[in-house]
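> My questions concern the predicted model and sequence given below.
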Amino acid sequence: MKVLVPVKRVIDYNVKARVKADQTGVDLANVKMSMNPFCEIAVEEAVRLKEKGVATEVVIVSIGPAQAQETIRTALAMGGDRGVLIQADADLEPLAVAKLLKAVAEDEKADLVLMGKQAIDGDNNAVGQMLSALLGWPQATFASKVEVEGGKATVTREVDGGLQVLEVALPAVITADLRLNEPRYASLPNIMKAKKKEIATKTTGDYSVDVAPRLTVVKVTEPAKRSAGIKVEDAAQLVAKLKTEAGVL
Amino acid sequence: MAVLVVADNDNAHLRDTTHKTVTAALAVSGDVDVLVMGEGAKAVADAAAKIDGVRKVLLAESADLGHGVAEVQAATVEGLMGGYDAVLIPATSGGKNYAPRIAAHLDVAPISEIVEVVDADTFVRPIYAGNALETIKSSDAKKVITVRPTAFKAAGEGGSASVESATAGTANGARFVSEEMVKSDRPELTAAKIVVSGGRAMGSAEEFQAVIEPLADKLGAAVGASRAAVDAGYAPNDYQVGQTGKVVAPSLYIAIGISGAIQHLAGMKDSKVIVAINKDADAPIFQVADYGIVGDYKTVVPELMAALG
C-alpha cells in the first residue's frame, strides 16, 4: 500500500506572526520556518504504518518555494521513502493545492493520502476535504486514531462533543488531528540517510491544473489588542468588581 | 441574490451558532433560507423557522445526514446551490468537515471562518491563529463560507417562516460506525455565557475535577482547559480552548493556573471579561485579563467559592 503525505513549510509554531507595516501580509523575512505541526503528525502516522508492515512506501509531497525541499528532507529523515517538490513561488490557495495534489495522488496511484487537518498559517482547514471531493475518495478528517486493515481504514475522529468512528474504503483521504500521535525526532543517522533519498522537482506548470487565485487579499491587519486590566487583592474584591463594575455575575 | 444558511443541530436541538450564522448571512443578503440536515429533525426545522429574518426553512433528512457523514451533507447542499449565490455554514467541527467539499465541487475558493462581512464579496478572517486578520475579496460567482459563530450576535426569534422538505443527497463516502458523545449537564463550551478553564498548574485529573468543576457548577459555567492540561491528561480533549481546540467568546472567562500561551489566547481573547488567577505575576495571561489575582489557586479558588456564596 502506497501512502502519500503532503507537507507544508510554514512559520515555526513557536514564532509569533507579525503583520507587515504596509498591511500586505505577514512578515516572513528572517523568520524561522518549519514543517506545519499537523503535517508532522501525518508523516509520523504514515511511517508507523510502514513500520507495522501495512504501508509499503511513504511518498512525501510539498508545494512551495525551493526551500520547501528542506521540509521534505525532514519528513524523509522521519522515515519517508522519497519526495516530490512542486515549486511554486506564489502562495497557492487551497483549491489550487487540492487540484495539484489530486494530480500527484493519481500519478503515484496512492492508496491513502494522510495529511494534516490544517496549516497554521492560512488556518483554512480545507485542502484534505477538497482533495477527497475532487478525487471522489471517501474522507475521514480530524483523526485521533487510524487502523488500516483489509482495504479499509477505521478512523476515530474528534468532533464537537465527543468522538465519532467512521470506516472508509481505500483509496481514501485522512486528515490528522493533534492527538493522533507524538511525532518522533529524526536521529542523526536518519538525517544523513535522508540526504541521499530521491526528491523529484516539478513546477506547477508540469500539471495541467488551473492554479490562478480566486481571492484577492485586500489587506492584512493586526487584531485589536486587549490591554491588561487591573490586579485585585482577593476573591471577595473580584466578585464585587464582577458584579458591579463588569456586570457579568 | 439569495443565500443559504446550514443549521447546526444534533437532530433534536437547534444550536444558537445557527442564529449567529444567520446574522452574518443577513449582512450578505436580505433573502436568507435555512437548511436543516438531520434525521427526525422536524423540531429543529420548526425552531429554525422562528429565527428573525429567515425567509423559509428547508428540511432534508436521511440516516447519513443524521450521523453527519460529510460526503452526503455536501451532496445535499450542492443539490440546492442552483438557487443560491452563497452558502454560509457555522465553523464547527461538523461544518468545517463538509464545507470545503462543496467549494471543490463548485470549483470555487472556500472562505473559511469569517469574523466580519465587509460586503457581499469581501470578508475578514483570522489567520496565523488570530495573530493577523486578513480581508479578502472573492471573485467567484458562488461562495462557500464558514462563519466563526462567536464573532456574530445571535439573530432574535419571532419569525414564522414556512418549512419545506428538500432532497437529501446521496454519495459514496465514509460509513458511519459509531459515536461516543460526552454527556454533561453543563452548558456547551462554545455557547456558554461563563467558562471556567484550568491549566497545567492543576497537576492531575483529580485536582482538575476537584477545583475547576465545582466552581464551574456554582457559576452555571462550561468547563475549559488549556492544551497543556489536555496533553497532560488532566482534562478530556473536547475541553480544549485554543487555536487547536475550540474558540470561545463568553461574557466571562476565568483562567485558573493557565500561563496564557499564544495558542490558548487565540481561543479566548474575544471574551467580554477575562479573569486570571495565577501565582506567577509575570504570566502572559495577565496581559489580556481585565481582572487578575496573583496567588495560588489552592487558596484563591476556595475563597472565590465562599465569596460567591
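Sure thing, it's come through. Numbering: from 1, shown residues only, chains lettered A, B, ... in the order given.
> Just after whichever strand or helix holds residue B:78, pick out the following helix or strand.
In this structure, residue B:78 sits in helix B:70-80 according to DSSP states H and E. Following helix B:70-80 in sequence order, the next helix or strand is strand B:86-90 (DSSP H and E).
> can you list contacts of that following strand?
By C-beta atoms under 8 Å, 6 or more residues apart in numbering or on different chains, the residues outside strand B:86-90 that reach it are B:1, B:3-6, B:8, B:15, B:17-18, B:20-21, B:24-25, B:28-29, B:77, B:81, B:95, B:98-99, B:102, B:120, B:142-147, B:149. Just so you know, the C-beta spots here come from the backbone N, C-alpha and C atoms, and that holds for glycine as well.
> Show me chain B divided up by domain.
The record's domain parsing of chain B by automatic domain parsing lists B:2-165, B:189-308.
> and the ones you listed as TSV, adding distance to residue A:240, mean neighbour count and mean pLDDT?
Output for those, formatted as TSV (distance: least, C-beta to C-beta, whole Å; neighbours: other C-beta atoms under 10 Å in any protein chain shown; pLDDT from 0 to 100):
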stretch	distance to residue A:240	mean neighbour count	mean pLDDT
domain B:2-165	28	21	97
domain B:189-308	8	21	94
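> now the ones you listed as CSV including distance to residue A:98?
CSV is the format used below for these (distance: least, C-beta to C-beta, whole Å):
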stretch, distance to residue A:98
domain B:2-165, 6
domain B:189-308, 22
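> Counting neighbours, what do you get for residue A:106?
Residue A:106 has 11 neighbouring residues, counting by other C-beta atoms under 10 Å in any protein chain shown.
> For chain B, see how far away it is.
In this view, residue A:106 and chain B are 15 Å apart by C-beta to the nearest C-beta, to the nearest Å.
> Residue A:72 versus that residue, what's the distance?
Per C-beta to C-beta, to the nearest Å, residue A:106 is found 20 Å from residue A:72.
> Give me the neighbour count for residue 177.
Here I'm looking at chain A. 21.
> meant chain B actually
That count, for residue B:177 with other C-beta under 10 Å as the rule, works out to 13.
> mind listing the strands for chain A?
Secondary structure of chain A by DSSP state E: the strands cover A:2-7, A:9-11, A:33-35, A:57-64, A:82-87, A:112-116, A:139-149, A:152-159, A:162-169, A:172-176, A:199-203, A:215-221, A:230-231.
> phi, psi of the spatially closest residue to residue A:49 that is not a sequence neighbour?
Spatial nearest neighbour of residue A:49, excluding adjacent residues (C-beta to C-beta, 6 or more residues apart in numbering or on different chains): residue A:55 at 4.0 Å. Backbone geometry at residue A:55, expressed as degrees, to the nearest 10, gives phi -100, psi 150.
> ok, residue A:55 touching residue A:4?
No. Residue A:55 lies out of contact with residue A:4 (C-beta atoms under 8 Å); the separation is 10.3 Å.
> between those two, what contacts are shared?
residue A:112.
> In terms of packing, which of the two has more residues around it?
Neighbours per residue, other C-beta under 10 Å: of residue A:55 and residue A:4, the larger number sits with residue A:4, 26 against 21.
> mind listing what the spatially closest residue to that one that is not a sequence neighbour touches?
In space, and not counting its chain neighbours, residue A:4 is closest to residue A:110: 3.9 Å by C-beta to C-beta, 6+ apart. The contact partners of residue A:110, taken as C-beta under 8 Å, 6+ apart, are A:2, A:3, A:4, A:59, A:104, A:171.
> Rebuild the residues you listed as TSV, extending it with distance to residue A:30 and pLDDT.
TSV is the format used below for the contacts of residue A:110 (distance: C-beta to C-beta, whole Å; pLDDT from 0 to 100):
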residue	distance to residue A:30	pLDDT
A:2	38	98
A:3	35	98
A:4	32	98
A:59	32	98
A:104	31	98
A:171	41	98
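> and these, which are buried?
Burial by neighbour count, 16 or more other C-beta atoms under 10 Å in any protein chain shown: within these this picks out A:2, A:3, A:4, A:59, A:104, A:171.
> that older thread, what's the closest of the domains of chain B to residue A:99?
domain B:2-165 (8.8 Å; C-beta to C-beta).
> what separates the closest one from the chain centre, distance-wise?
Offset of domain B:2-165 from its chain centre (C-alpha atoms, centre = their mean, to the nearest Å): 12 Å.
> Can you measure across that domain, start residue to end residue?
For domain B:2-165, the first and last residues are 18 Å from each other (C-alpha to C-alpha, to the nearest Å).
> what does stretch B:222-242 give?
Terminal residues of stretch B:222-242 lie 15 Å apart, using C-alpha to C-alpha.
> With chain A in mind, check whether it reaches it.
Yes. Using C-beta under 8 Å from any C-beta of the partner chain, we find that stretch B:222-242 touches chain A at B:227, B:237, B:238.
> Which residue comes closest to the first one once chain neighbours are left out?
The shortest distance from residue B:227 to any non-neighbouring residue, by C-beta to C-beta, 6+ apart, is to residue B:242 (5.3 Å).
> Might one say that the one you found is in contact with residue B:225?
No. Using C-beta under 8 Å, residue B:242 makes no contact with residue B:225, being 9.1 Å away.
> what's near enough to touch residue 32?
Assuming you mean chain A. A:11, A:12, A:14, A:15.
> My question was about chain B, not that one.
By C-beta under 8 Å, 6+ apart, the contact list for residue B:32 reads B:2, B:3, B:4, B:5, B:22, B:25, B:26, B:53, B:54, B:55.
> Now with 7 Å, please.
Residue B:32 makes contact with B:3, B:5, B:22, B:25, B:26, B:53, B:54, B:55 under the criterion C-beta atoms under 7 Å, 6 or more residues apart in numbering or on different chains.
> Put together TSV for the strands of chain A, with distance to residue A:50 on each row.
Output for the strands of chain A, formatted as TSV (distance: least, C-beta to C-beta, whole Å):
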stretch	distance to residue A:50
strand A:2-7	7
strand A:9-11	23
strand A:33-35	18
strand A:57-64	5
strand A:82-87	13
strand A:112-116	11
strand A:139-149	11
strand A:152-159	15
strand A:162-169	19
strand A:172-176	15
strand A:199-203	18
strand A:215-221	37
strand A:230-231	54
